[in-house]
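**Student:** sequence-free structure coming up:
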């Protein structure tokens, strides 16, 4: 997670320098072009989406487990 935060901060710094004129394809090969600010927002949205509850009330970070509190840690 810390590396992702560094990437987002770097993208925002580069956006401050290049502005709205510089666009990159995001995701690669999609044909959709975004500013570096929009790319930073997209990465942030995807990262937070891993931990936020979905429409079914589950968090993707826990995979298919129904109740995240009952995760077996292997400790006895």
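**Tutor:** That came through fine. Predicted model, so just to flag it, every value in this text is computed and none were measured. Numbers count the residues shown, from 1 in each chain.

**Student:** and what about residue 34, helix, strand or coil?
**Tutor:** State at residue 34, reduced to three classes by DSSP: H, G, I helix; E, B strand; the rest coil: strand.

**Student:** strands of this structure, start to end?
**Tutor:** Secondary structure of the chain (DSSP state E): strands located at 23-25, 33-35.

**Student:** from the contact counts, what lies against the last one?
**Tutor:** In terms of contact count using 3 or more C-beta pairs under 8 Å, 6 or more residues apart in numbering; DSSP states H and E, strand 33-35 is assigned the packing partners strand 23-25. To be clear about C-beta, it is placed using only N, CA and C from the backbone, and glycine gets the same treatment.

**Student:** gap between the strand it packs on and the chain center?
**Tutor:** Using C-alpha atoms, centre = their mean, to the nearest Å, the mean C-alpha position of strand 23-25 is found 17 Å from that of the whole chain.

**Student:** how far away is residue 31 from residue 57?
**Tutor:** Relative to residue 57, residue 31 is positioned 35 Å away (criterion: C-beta to C-beta, to the nearest Å).

**Student:** swap in residue 28?
**Tutor:** Taking C-beta to C-beta, one finds residue 28 at 33 Å from residue 57.

**Student:** show me the shaky parts of this protein.
**Tutor:** In the predicted model, the chain carries pLDDT under 70 at residues 64-76.

**Student:** cutoff 50 now
**Tutor:** Scanning the chain with the threshold set as pLDDT under 50 gives 68.

**Student:** helices along that one, start to end?
**Tutor:** Counting by DSSP state H, residue ranges of the helices within the chain are 2-18, 36-51.
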